[in-house]
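**Q** Sequence first, predicted model second:
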Amino acid sequence: MKITETFLKDCFIIEPKVFKDSRGEFFEAFNQKLFQEKTGLNVKFVQDNQSISLKGVVRGLHIQKGEYAQAKLVRVIQGRVLDVVVDVREKSDTFGKVFSIELSKENQLQLFIPKGFLHGFSVLEDNTIVTYKCDNYYNKESEDGVIYNDPILNIDWKLKTNEIILSEKDAELKLFKEI
Ligand SMILES: Cc1cn([C@H]2C[C@H](O)[C@@H](COP(=O)(O)OP(=O)(O)O[C@H]3O[C@@H](C)C(=O)[C@@H](O)[C@H]3O)O2)c(=O)[nH]c1=O
């Protein structure tokens, strides 16, 4: 397992060690001990989520605030997404900075997102399955978010404008300057 910190502190790219043989392949999708050794972070995951989406879907940008803040470990088990995070930790040197990475079934990369980040992804292939571990439970009242096409963040979601599919909730999210 190779773990590399992105230019956003505490946000890591994880590349699992894949064992291939005549049957197929095997990899450890998560190993608490190795994760802690290589990141220095003691994260305890309590919820696993999975979504399946059509090409063109954008989910995000989402965050849970306060006592329900969540760190997440995201991977794709079918298809391809552009995974996007924004550092909104008030005292961070990289506040407001965006990081994005393609996660796919093929590249098997994972992104660890610390608490205090907005998170979203655009779906680049039909029937893409995204799964992610969270270190805190879902809490509707703690949800907040920023609209995907915020002019300050100016994120390139790698989709054509006319193919973007949003939930009603995501279409009404606020601007970055309001969060
Ligand atoms: C996120 C979540 C949703 N739900 C329910 C609420 C709602 O009825 C339905 C769909 O929820 P949403 O529309 O919020 O799902 P979605 O837009 O996929 O929300 C997710 O987006 C990505 C980008 C994240 O980072 C996640 O933390 C989460 O916010 O599922 C849960 O029961 N538990 C959960 O943990």
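**A** Yep, that arrived.
**Q** Near the ligand, which residues of the chain are found?
**A** Proximity of the chain to the ligand (Cβ under 6 Å from any ligand atom) is limited to residues N49, S51, R59, G60, H62, H119, G120, F121, Y138, S167, K169. In this view, the C-beta of every residue, glycine as well, is placed from N, C-alpha and C.
**Q** Pick out the most distant pair among these.
**A** F121 and Y138 (17.3 Å; Cβ to Cβ).
**Q** okay, those two: which has more neighbours?
**A** More crowded of F121 and Y138, by other Cβ atoms under 10 Å: F121, with 29 against 12.
**Q** Do you know the pLDDT at the nearest residue to the more buried one once chain neighbours are set aside?
**A** Excluding its sequence neighbours, the residue lying closest to F121 (Cβ to Cβ, 6 or more residues apart in numbering) is V81, at 4.2 Å. Predicted confidence (pLDDT) for V81: 98.
**Q** Can you tell me the closest non-neighbouring residue to whichever residue of the chain sits closest to the ligand?
**A** Nearest to the ligand, among the residues of the chain, is Y138, at 3.0 Å (Cβ to the nearest ligand atom). The shortest distance from Y138 to any non-neighbouring residue, by Cβ to Cβ, 6+ apart, is to Q47 (6.7 Å).
**Q** and that neighbour, bridged to which residues?
**A** Beta-bridge partners of Q47, counted by DSSP bridges, are C134.
**Q** Any idea how many residues pack against it?
**A** Neighbourhood size, Q47 [other Cβ under 10 Å]: 13.
**Q** What residues does it make contact with?
**A** The contact partners of Q47, by Cβ atoms under 8 Å, 6 or more residues apart in numbering, come to K133, C134, N136, Y137, Y138.
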